[in-house]
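In: generate a structure from the sequence data that follows.
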Amino acid sequence: MDERIQVYETKMGKTLNALESELTTIRAGRANPHILDKLTVDYYGAPTPLQQVANISVPEARMIQIQPWESSMIKAIEKAILCSDLGLNPSNDGKMIRLVFPELTEERRKELVKDVKKKGEGAKVAVRNIRRDANDAFKKLAKQDVSEDEIKELEDQIQKLTDKYIKEVDKAIENKSKEILTV
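Out: Below you'll find the predicted structure:
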């Protein structure tokens with residue numbers, strides 16, 4: 001593959017990866033420890049990712065257990081969860097925190113699917129913007145004695161890449177939507 005195309009493929013790949021990691025943070029009825037990935041806790045004055053101050057496990061399908069390495073961290077972790085947009089109520093027994101995931105209502109599932117589709121559309125727009133940037137860069141090559149045929153070939157390649165990544169985004173959206181709608 002042409003290295004001029006490679007640069008844009010890397011960008012499109014990063015866009016897809018960003019979407020996929022964002023989709024893992026959307027909860028779908030089951031307990032998924034990744035929904036806590038973006039959560040930071042005040043650890044001696046510094047915002048620290050939750051994974052660095054506690055052990056996170058999933059003992060049951062609809063429960064996450066958070067066991068801090070220092071028991072003094074329980075209040076800070078509880079506060080971080082309550083302040084987040086997770087919509088979960090933590091319960092603690094002095095040693096660990098449990099997050100129980102209630103069954104999602106049909107209405108909430110549909111809202112989550114809408115959210116997933118919106119994030120997917122954002123990723124598609126990003127991929128198309130990368131294609132536009134690539135085509136602009138290829139048009140500038142005409143001034144540097146690159147043949148029109150070669151530029152046309154580069155544009156065709158970037159269009160094929162765009163189509164490929166749009167399909168990948170659609171597949172990711174479809175898989176996440178199915179996961180959310182499965183009761």
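In: which residues of the chain fall in strands?
Out: All strands of the chain, identified by DSSP state E, fall at 40-43, 46-49, 54-60, 63-68, 90-92, 97-100.
In: what's the most buried one of those?
Out: Neighbour counts averaged per stretch over the strands of the chain are highest for strand 63-68, at a mean of 20; criterion: mean count of other Cβ atoms under 10 Å. In short, each C-beta sits where N, CA and C put it, glycine included.
In: what distance do you get for residue 18 to residue 85?
Out: 19 Å (Cβ to Cβ, to the nearest Å).
In: I meant to write residue 107 there.
Out: Separation of residue 107 from residue 85 (Cβ to Cβ) stands at 17 Å.
In: pLDDT score for the spatially closest residue to residue 177 that is not a sequence neighbour?
Out: Setting aside the residues directly before and after it, residue 177 is nearest to residue 113 in space (Cβ to Cβ, 6 or more residues apart in numbering), at 4.8 Å. The confidence metric pLDDT takes the value 89 at residue 113.
In: contact partners for residue 113?
Out: Contacts here follow Cβ atoms under 8 Å, 6 or more residues apart in numbering; on that basis residue 113 touches 177, 180-181.
In: could you identify the buried members of those?
Out: With neighbours counted by 16 or more other Cβ atoms under 10 Å, the contacts of residue 113 contain buried members at 177, 180.
In: what is the distance between stretch 168-183 and the centre of its chain?
Out: For stretch 168-183, the distance from its own C-alpha centre to the chain's C-alpha centre is 13 Å (Cα atoms, centre = their mean, to the nearest Å).
In: just the buried residues of it, please?
Out: Buried positions in stretch 168-183, judged by neighbour count with 16+ other Cβ under 10 Å: 168-169, 172-173, 176-177, 179-180.
In: so can I have CSV of the residues you listed showing pLDDT?
Out: Shown next, in CSV, are those (pLDDT from 0 to 100):
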residue, pLDDT
168, 93
169, 92
172, 91
173, 92
176, 88
177, 89
179, 82
180, 81
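In: pLDDT value on residue 28, please?
Out: pLDDT, residue 28: 68.
In: ok, the residue lying closest to residue 170 once chain neighbours are set aside to residue 12 distance?
Out: Residue nearest to residue 170 in three dimensions, not counting chain neighbours: residue 120, with 7.2 Å by Cβ to Cβ, 6+ apart. According to Cβ to Cβ, residue 120 and residue 12 sit 14 Å apart.
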